[in-house]
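# Have a look; sequence and predicted model below, questions after that.
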Amino acid sequence: MGTLNLYDSRPNHFSTSDLQVAHVLARHAAIALSRVRESENLWRAVDARKVIGQAEGILMERYALDQERAFEVLRRYSQDTNVKLRDVAQMVVDTRRLPD
């Protein structure tokens, strides 16, 4: 995830205690970065789910599908075209129809 580099102009100047503190700081930084990354991933998932829901609604209205069938159409199109589900949903939201 990252590194913590310590420098001193004098060789071998860091004590064992200094190195222990550096390890603790590095662990805390790694945990903080991990939590930020996890939080960003969760927000991306929420946003993706929102776009997928909008696309489902468009397909439900346009083609008289139920929610389960609309999701299946999106999923199958995603698999058949090797395009991420979220991207397929965004295309449907943007164009109000399934891509060609």
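Alright, I've got the coordinates. Numbers count the residues shown, from 1 in each chain.
# In stretch 48-62, which residues are buried?
Using 16 or more other C-beta atoms under 10 Å as the test for burial, stretch 48-62 gives 48, 51-52, 55-56, 58-60. Where C-beta positions appear, they are placed from N, C-alpha and C, glycine not excepted.
# now these as TSV including secondary structure, pLDDT and distance to residue 99?
Putting these into TSV (DSSP: H, G, I helix; E, B strand; the rest coil; pLDDT from 0 to 100; distance: C-beta to C-beta, whole Å) gives the following:
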residue	secondary structure	pLDDT	distance to residue 99
48	helix	96	17
51	helix	97	14
52	helix	97	15
55	helix	98	11
56	helix	98	15
58	helix	97	13
59	helix	97	12
60	helix	97	18
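# And those residues, which is closest to residue 14?
Nearest to residue 14 out of the buried residues of stretch 48-62 is residue 48 (C-beta to C-beta; 45.7 Å).
# Could you tell me which residues make contact with the spatially closest residue to the closest one that is not a sequence neighbour?
In space, and not counting its chain neighbours, residue 48 is closest to residue 86: 4.1 Å by C-beta to C-beta, 6 or more residues apart in numbering. Neighbouring residues of residue 86 by C-beta atoms under 8 Å, 6 or more residues apart in numbering: 48, 51-52.
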